[in-house]
Every structure is written in structure tokens, then in C-alpha cells.
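**Q** sharing a sequence plus its predicted fold:
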Amino acid sequence: MRVGLTYDLQSDYLRMGYGKEETAEFDKEETLEAIERELEALGYGAERIGGVVSLTGMLARGKSWDIVFNIAEGMHGIGREAQVPGLLDAFCIPYTFSDPMVLALTLHKGMTKHVVRDCGVPTADFRVIESVDETEGIDLPFPLFGKPVGEGTGKGISAASKIKNGGELREVVRTLLEQFRQPVLVERFLPGREFTVGVLGTGKKAHTLPVMEVLLKEGAEGHAYSFHNKQNYKEVVDYRLVDGEASDACAQVALRAWRCLGCRDAGRVDVRMDENGSPNFIEVNPLAGLNPVDSDLPIICRLGGMSYRELIGRIMASAEERIRPGTPRPAER
């Protein structure tokens, strides 16, 4: 089976002049090498494609693949994660992970919370703020928490994200609007424990992996799994699998959100407890990082006894199961 690999390589964008924070979500060479190695060990032939521009050129020249292993994040626009899947759909080429609708929706944290709330999944009350003036009429009780509406890897999240009063709210919103040039999600601060839940599979066949708690050490930035804490996790973060009632409750919230949103194959759902110890949906990552050492999903698998090869194999198996016999191929249209 011919497997194409779509991705955005961090070093490519750094050479183009983008900064480290701008490219924090993009993959390292070691991640691509690890995925290629495991695909080949599993009996697949892997070919590197690159991002949306490279994919466009290859498709225009008539290239095709039996399936694409897609980890491309994209650079520009709120629909950037949906660009590669959208092109692949147009050319009837199957791919791993979620479709364009899911990827465009879930990159916008506010829209995602609207949908999961309508599905009955608990999530903190929130507002999406587009100007500093809108902070005057906000009707949520302090403390609040603010972050960019469409970023990942903790970008825009720091100790200042916990907001105690109206003055801090205005300043945080002003700073984030200027830095990221996008709306700001402001939500009720959840003071409890924080977890991330790995999910494998699609629809009714989706199931959760062991639930992992994120514990901040002394010296970590307070209140959140921030950009700084994620970048320096070896020094300031402890990861621990949990079981019992807490694990069951977090897994239930994560799985309900995953199915509600229509996510596919594999990813992560972040959950945090409120003051009563009840888990609330924070956000979902349907294109979770796959660095075999540093990314949360492989860490969850490793702590739970699942090898990286098995993770890649189960992602491929889930995607292949979705490919219906008789699906038209580009040459057949």
C-alpha cells in the first residue's frame, strides 16, 4: 500500500523567517523519521509529500496514494488544518484523522464549546471577545481564564491567563488581540485537577486510552498547562496515569465530546475539574502531536504499556476500516 505523508516541518518555516512560537505546532525531523520507520515496519511504503503547497503541486502533476498519513497543521487562517484534507477529499484520496469540517471547527475553541455544550458535555461558561470594549459587558464571575481562540500547543497561555478582575481582563484581552490578531476565548476559571485523555477510533468504535493527569512542579508557570510549561515539561511537569472515579468521569466526558464532534482515528481531549471535582471539557486536539518522546499522546501510550509502533498501527487500522470498497479513485472519475 502506498502511503503519502503530509506534514509541516518546523525547520522549513524557521528557515523562511518565522519564529519559534509561530512554528511550535509544526513537526520535527525526528517525528517524520519515526512515523516513516514504523509505517515501513508495519509493511507500508511511505513517501514524503510535505504541506499544502507541495501537495497541490504533486496532485497537479498526477500523483496519488492509496492513503495519506496526514499530520499537516497549516500556517494561515482558522481553517489551516482543514486545507490538506480538503484537497485530498477533492481528489478522492483517503487519509488518516479527521475531515475538514472537524478540523476547521475544533481549531476555533469557542465554536467547539458551543457544539459540545449543545451535546450536553459539561464545559465552563465562556464568551468570545473580539475587542477590548466587549470586556465591559462580560457577565461571567471572576476568576476567569483567557486564551487565543484558535491556537494550539499552549500558545498565548501563561500565568497571566488567570484573570482576577476587570483591569486584568482588559489587559489580557488587549495583549492577546495584538499578539495573535484573533478573538480571545474568556471562560470561567476551573480550579481543579487537569487531565488529558487519549482517544483511539471513530464513532461507536472510539474508546479512550488511560487518563493522564498533568501535574505542575515547583517552578512551573501557575494555573495552566501553558506554552512555557509544555516547552519545558521535563523540568516543570509530571505526568501520571490515574484510575478510579476520576479516571472514569474524565474518560466519559472525553468520549462524549469526541463522538459529538465527529473526530476520527486518534487524538486527545483535555479536561479540567471544577470546584466540585466534576470534569469539564476544555478542548480537543484531533491532530495530536506524534513525536515519540515529547508528545502527550505517545506519552499516554507509553505510560499505559502501548508501543509507538502499535499506536501508529492502530491509527492506520482505524483509517483503513473507514475506506469503503468501491470508493472512486482519481483515475476512475
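**A** Looks like it came in fine.

**Q** Val121 looks like it's in a helix, true?
**A** No - under DSSP: H, G, I helix; E, B strand; the rest coil, Val121 falls outside any helix and is assigned coil.

**Q** that one: neighbour count?
**A** Using other C-beta atoms under 10 Å, Val121 has 23 neighbouring residues. Using the backbone N, CA and C atoms, a C-beta is placed for each residue, glycine as well.

**Q** so it makes contact with Ala257?
**A** Yes - here Val121 reaches Ala257: they are 4.9 Å apart, a contact under C-beta atoms under 8 Å.

**Q** so for the two, which residues contact both of them?
**A** Common contact partners of Val121 and Ala257 (C-beta atoms under 8 Å, 6 or more residues apart in numbering): Phe281.

**Q** can you name the residues that contact Asp294?
**A** Neighbours of Asp294 in contact, by C-beta under 8 Å, 6+ apart: Tyr233.

**Q** per-residue confidence for it?
**A** Note on Asp294: pLDDT of 93.

**Q** over to His207?
**A** His207 carries a pLDDT score of 98 in this model.

**Q** by residue count, tell me the biggest strand in the chain.
**A** Identified as the longest strand of the chain according to DSSP state E is strand 207-216.

**Q** same for it, what does it pack against?
**A** strand 194-200, strand 237-242, helix 244-261, helix 296-303 (3 or more C-beta pairs under 8 Å, 6 or more residues apart in numbering; DSSP states H and E).

**Q** and it with helix 296-303, angle?
**A** Compare the direction of strand 207-216 with that of helix 296-303 by axes from the mean of the first three to the mean of the last three C-alpha atoms, to 10 degrees and you get 100 degrees.

**Q** buried ones in stretch 37-48?
**A** For stretch 37-48, the neighbour count (16 or more other C-beta atoms under 10 Å) marks Glu38, Leu39, Leu42, Tyr44, Ala46 as buried.

**Q** contacts for the helix-or-strand element of the chain with minimal mean pLDDT?
**A** Counting by mean pLDDT, DSSP states H and E, the weakest-scoring helix or strand in the chain turns out to be helix 227-231, with a mean of 83. Helix 227-231 has contacts (C-beta under 8 Å, 6+ apart) with 21, 24, 153-158, 216, 220-221, 236-237.

**Q** go ahead and confirm Ile312 touches Ile35.
**A** Yes - applying C-beta under 8 Å as the test, Ile312 and Ile35 come out as touching, 6.4 Å apart.
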